[in-house]
Structure formats: structure tokens, C-alpha cells
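[1] my questions are about this predicted structure, shown below with the sequence.
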Amino acid sequence: MHCSVIDRFIFFLFIIMKVVALISGGKDSCYNMMHCVANGHQIVALANLKPQSKSGKDELDSFLYQTVGHDAIEYYAECINLPLYRAEIMGSSLVQDADYQQTLGDETEDLYKLLKQVKEELPDIQAVSVGAILSNYQRVRVENICNRLGLTSLAYLWRRDQKELLGEMINAGINAIIIKVAAIGLKPTHLGKSIEQLYPYLCDLNEKYDVNICGEGGEYETFTLDCPLFVKRLVVEETETIVHSDDAFAAVAYLRLKSLIVKEKQANEITSNPIIMIPSWKDDIEDLMTSAEQSKLDNSMTNYATTVIEIDSLNEEGSSLKGRSDLFSLYSNPPYHYVSGTTAYDYPQEAQQFESIEEETQACMLNLQKRLHELDLSWSDVVNMNVFIKDMDEFGRMNAIYKKFFNINPPTRACVGSNLPFPIKIQIDLMAIKHVSKDESSKPRKTMHVQSMSYWAPANIGPYSQATIIKSHAFIAGQIGLIPSSLEFPLPETHETQTFLSLRNLENVTSVLGLNVKKRTTLCICFVIDENLFSFVQNAWNIFCKQHNESSENQMGPVLCLSVPSLPRRGKVEWQVLIHDETTNDDDENLLMEPKIWQDSLDSINSIIIKITTWYLSPILSSTITIKVEESVTLSQLLNGMINGLNKLFDQFSTLPHITNSIFWKNIGFIKIFYSEKTNINLGVYEKGIKLRIKENFPDTKAAITFVPVLAIMDNSVLGICVHGTF
């Protein structure tokens, strides 16, 4: 299925940008231009980097630019009837790391200067078209430049299936010829042949030798002679074959285009809006469930409202813990560190009033920074942050301050609305894992921060990464149901569509990193804006995890569903997951192990029902505890129920060898307590009572404890508790 004309027209209303297209002459840059136009954008200029004229070289040893065929690029201005901006490549590949920061003398800076010139002459430019498919090296550098110039990167070919993609290019009318070969099975005799002629052969090479069908590994390069966007076509009159290496198995040779002519096209061959196949997110949603599973979901919207639970708290707890105590605010067990929910009010200040969300966010972030420094940490050590904001309408203003504290590869983040107690407008908690480079056996942190718009997954244009992976922990940023190519919600906005589109986005993000979200999710938190969605999203998660994984019934980790006042972009559903990543585990034996999963339910005599689900695979322990009250109880009874749940958690884990009570609680890093507004207990009473009880019952614990108010908790619970430890 592909987007209908009406669907596409609706999408075009949201974001229409003027675009400068980066061109190399290759098929990818031309086809990405076609997708820019198909998505409603307007190509207004072309840009290209070429070798220095004095060098006399046809090809440079560049990591970033295709330079073979550069002499023929000058014809493109006439062929597509657009201004062409060109500059010479003065720098070299000085920075060859996965990440890039502004570096004098690097070839990336030549592209920056060229695009800066384009923007100065065409100030309406808003975006850049780039034909990246798999090259993180290319994508990261273009995104770096776009960030510095205030432009958006459009990479519609990103992470596309190469066999499908090359077939689409051919069917869409891309006439590109091979002008360089450098792979097993490709020979100088293939030079000059079209991608249509070689398509079956390239597919065969892929089957035999794993050759990239689109040439993403440098196997071959192309030059486009014609495409539907061209008003004139190119015809090759004279060529010369240059052989670099006459290897019997993988010769390296290129085609010098010595003479070309420009030919007029018939009027019926020219189109301003070529018809191409736009990948539909709808296909992925439909594939997510069979018709039988769909019928199971039809009636899973539960229409209920949790009733207010009266809890008698008068004279229940002492006042030994006053206000927002620093007790249990920090946890440090290197390399793992946690900072509990922090606000702008957590340290004494001269003025406790903040006139704007900007001022309060700045103070909150400085308080977090102070706590990081107390742990001998910096912002670069932070791997995940949770932001709770009182007024989601102030999200953009908060974000403007938040992003100033990060450089490249910021931590992952989930941001949700919360009715924080007055006068607090923002609360943030975080986890940091410090990588020790001297430890040769320890694998470094891996971050994925894709900022280009594509069909793959929503771009993270904001100050957070899609994923951060270190020490077997794979943190995934909160996923909402945005259409990746437009960064808008599908119309009409329904909870069904947003639920499955957000899960589709989650799977696309995790799969490219080799993460098994369906079998190795250690914790899943689902935030919704309506408690009536609890049953629906739980069933949706179950269906998602069972897809292509029949054994998932026994592999389900802890899941906690929470209703909150608002989500980013006024979304209806947001998923936040932590995944166990085997690829960063130094213990190879762990790769073959299955996680331990415990599920227990306790019914107390005081009408308190406790459910505990725990997931463990070294080094991660993750648990959720929900506490439901069936009738009015005292605060002491409720807190006793919480202690019973935590004791049961220890009982579950103590079945493993060498686990004592002291060892267990020393390794619990954070306890996050979501409390329902359906009770009459305020945060101050909860915080005093819970911290005191934990201190009395588990004297060895040093966990960072965070409190977050929510509208409602799954199963009509009054408390939802997340526990995380490392063993």
C-alpha cells in the first residue's frame, strides 16, 4: 500500500520547505531529490564539491564526496534548470571518527562554506537534500552542517532496503550508468552499463558475495543521465576507461566522461511532480497484527475511572524528614550513578521565585550539574534523562535552555507532563554510566542520534538521541506516533494509529542497532493521556512482542502503564523502554543465557493487592511493583504494603546464588515511585513516609528515590514503583 493522493496532499500542508540538493551525479542524490518533491518540498538550487582544478585529478581519496564524473556535473544546471553552486575541496578527511565536530582543514568544512554561501544568496533555503542510505559518516557530517546553519536534513533513502530501493529507482525513470567498479564480480566491462541492465546481476552478487546492491560499500558508483525532474537529458558521446587495479577478483576502474551533449526532452517526458513510490507507514502497522489479533483489540478499550481512595495520614509519620530531603538523592556504585528527581528548588537560593520556565529550567539543570560534579561526573557521562514538565505548552521554551547543556550525542530522554506540586514546573532525574577507557575489556558507549527526516523513524531534531548503549544497557528515547517523513501525527488522530505507529518507530530504531526489543526489554513504561487506554496498550504491547516470536509468552518483562496530563506534541501514547544489549556484554557466556523472570501477586489482609514482576540478566535487574487498594486504608497500611512488595522482590532475586540482603540492597540504584492523584495524599507526606520506611527496613540501600505524580496507574493501583539494580 502507498499513500493516496489525498493523504499526500494533507501531509504537504504541514511542512513545505525550499531545498538545496547536494548532488554528486549519482543515482542516490537524484532519487532523493525526487522524494523531496514528492513530499511537497521545492528544490531551488543544486550544490556540488569538486576536486581542485590545479590537481588535474578525476577522483579524490575522499570519505565524504563522490568525485568520479565531476567534469559532467556542470551540465546539471541546464538539465534541471536550477542554479548550480560549486566549490573546490580544499580539506581532507582529518576526522574519520563516527562523530564530527567543527575541525579546521577537514573536508566537511568545505561543504559548510558552500552551503553557507547558498544560504546567504538564497535566504529562503530551509533544508538540504542528501542521498545517504547507510553511510553514518556522510549523514552525521551533513547533519552537523545543517545544525550550524539552521537547516533541516532530508534523507528519504535512509535505511531503505537496497534491493527494493534500486528497483524503485529504475521504475521511477532514473537512467544512471556505472562509472566506477571496485568489488568482487564487477569488471571494467560493466562500466557504461545502466543500473537497469545490471540490476539482476547486482542482486546475484548480493546473494553470492554480500555485495551492497546500491553500492553503499563503495562497490560501484553511478552517473545519472536522465530522471523525471530533468527538463533536458544527457547523452554520452565519448568515454575513456581508467584502470586503477587489474585484480582478477575485484578490479578497480572508472569511466572518464570525455564528451557529453544535452538533448531536449519532449513535453510529455517532463513532470514537476514525478509519481514515485512513497513507503507507507500504514503497511508496517497492518503487518503488526493479524486479523485475529486485530479483533482482539477492537473491544479492549476499557471505559472506567478509578475512584478516589481515602487514606488516613493524620499523625501517621514523624517529622524526622523535613521537606524535600537530600536523603536518597544520589547513588554511586561505579560505573553506575543515579540522580533522583531534581528541581530548581533543591538547593537553597537567594530567590526561590522563578518568573519563567526558562529561568526555572536553567536552575534545575544547574542543580543537576552540581550533583554530577559531586559524583565526579560530567554531562557527557549521562546516558538517560527523564523530564517531567507541568505545562507542556512550555515544552519548546524549556527545550531551548535544556539543549545548551549538551554537545554531540546527548543522552536519550523521555518527556511527559505531570501535575508537579506547587511551585515546581519541571523535575528531572538521570542515570550516568562512566566509561573507563583504560579498561580494554570495556566497550565504549554507542549513541545513535539521527536528525535527518526520512521514512525510517522520527528525526531527533531536539537535544536527545534515539538510543544510548553502554554496559549492556540500551536506553531508547520516548517514542510517540509521529509519521517520520513529516513529523506529524496521522489524521485523523486516533489512539489505535498512534499506538502502533509509535511501536513501529520503536522497532525501526532498535532493529538497526541489533537490539531485540521483543525478547530483551527489561522495562517498558507506557504513558497515555487517558486511563481508559490501559487495556488497549497492554494488549498492543503483547501483540507487538509476540509478532514473529512465538515464545515471547514467557519472556515478557515488567510493564507499567501510566496516565499523565499531556505528552509532547499533544500525543496520545509514548513508549519508553530499556533493553538488555548482549553486544556490549564482556561475558560471552551471557549471550547464550535467557533472562530470569519472576511474577508474583500478594493479597494482604488490609485489602491491599501487590503485583511484582522482575526481570534479570546480568548485569541488569529491573522490577515493577504495583499496589492496589480496594477500600480506604491508613497510610501505615499502604506503606507496609510497599515494604512487603520490596521484600518480595528480594525474595525473588535471592533464589540466585551468593545474594544476601546486604549485597542486594547495596546494588539497587534507583527506586522511582509514581503515585496516583486518585488518593488524598500529597507529595510531602509520601516522600517523608516512604523514605523513612525504606531507611528503617532496608538500612543498606543507598538508592536514588524519585517521586512523580500521575493521573492514574494500571490495574487501578495507587502506587507504581520501578526498581533498577546492577549485579
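    The structure has been received and is ready for your questions.

[2] quick one: the nearest residue to residue 714 once chain neighbours are set aside from residue 254, how far?
    On the basis of CB to CB, 6 or more residues apart in numbering, the spatially nearest residue to residue 714 that is not a chain neighbour turns out to be residue 561, at 3.9 Å. In this view, the C-beta of every residue, glycine as well, is placed from N, C-alpha and C. When distance is defined by CB to CB, to the nearest Å, residue 561 is 58 Å away from residue 254.

[3] try residue 362
    The value you get for residue 362 to residue 254, if CB to CB is used, is 55 Å.

[4] the more surrounded of those two?
    Of the pair residue 362 and residue 254, residue 254 is the one with more neighbours under other CB atoms under 10 Å, namely 23 against 18.

[5] that one: which element?
    strand 252-264 (DSSP states H and E).

[6] C-terminal to that strand, what's the next element?
    The C-terminal neighbour of strand 252-264 among helices and strands, as given by DSSP H and E, is helix 281-287.

[7] who's in contact with that following helix?
    Residues from elsewhere that reach helix 281-287 (CB atoms under 8 Å, 6 or more residues apart in numbering): 1, 3, 455, 483-484, 490, 497, 500-501, 504.

[8] filter those residues down to the buried ones and hand me the PyMOL line.
    Typed into PyMOL, the next command selects the buried ones out of the contacts of helix 281-287 (criterion: 16 or more other CB atoms under 10 Å):
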select buried, resi 3+455+483+484+490+497+500+501+504
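
[9] show me the contacts of helix 281-287 that map onto helices.
    The subset of the contacts of helix 281-287 located in helices under the criterion DSSP state H comprises 497, 500-501, 504.

[10] of those residues, which is the nearest to residue 181?
    residue 504 (37.2 Å; CB to CB).

[11] ok, the closest residue to the closest one other than its chain neighbours to residue 500 distance?
    Ranked by CB to CB, 6+ apart and with sequence neighbours excluded, the top spatial neighbour of residue 504 is residue 284, at 4.5 Å. As judged by CB to CB, residue 284 and residue 500 stand 8 Å apart.

[12] now residue 26
    Per CB to CB, residue 26 is found 35 Å from residue 500.

[13] if we can go back for a sec, quick check, the residue nearest to residue 714 in a strand?
    Yes - when DSSP: H, G, I helix; E, B strand; the rest coil is applied, residue 561 is found to be in a strand.

[14] pretty sure it contacts residue 716?
    No - assessed by CB atoms under 8 Å, residue 561 is found out of contact with residue 716, at 11.5 Å.

[15] more neighbours: which of those two?
    When neighbours are counted by other CB under 10 Å, residue 561 and residue 716 differ, and residue 561 comes out ahead with 25 against 20.

[16] residues in a beta bridge with the more buried one, which ones?
    For residue 561, the residues forming beta bridges with it (DSSP bridges) are residue 526.

[17] repeat for residue 713
    Residue 713 has the following beta-bridge partners by DSSP bridges: residue 562, residue 717.

[18] hang on, isn't it packed against residue 673?
    No - in this structure, residue 713 is not within contact of residue 673 by CB under 8 Å, at 10.7 Å.

[19] nearest to residue 658, of the ones in helices among the contacts of helix 281-287?
    Within the set of these, residue 504 lies nearest residue 658; the separation is 41.8 Å, counting by CB to CB.

[20] relative to residue 647, how far out is that closest one?
    According to CB to CB, residue 504 stands 40 Å off from residue 647.

[21] domain map for this structure?
    Annotated domains of the chain cover 5-279, 300-438+447-726 [automatic domain parsing].

[22] reformat these as TSV; add mean pLDDT.
    Written out in TSV, the entries for the domains of the chain read as follows (pLDDT from 0 to 100):
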stretch	mean pLDDT
domain 5-279	92
domain 300-438+447-726	90
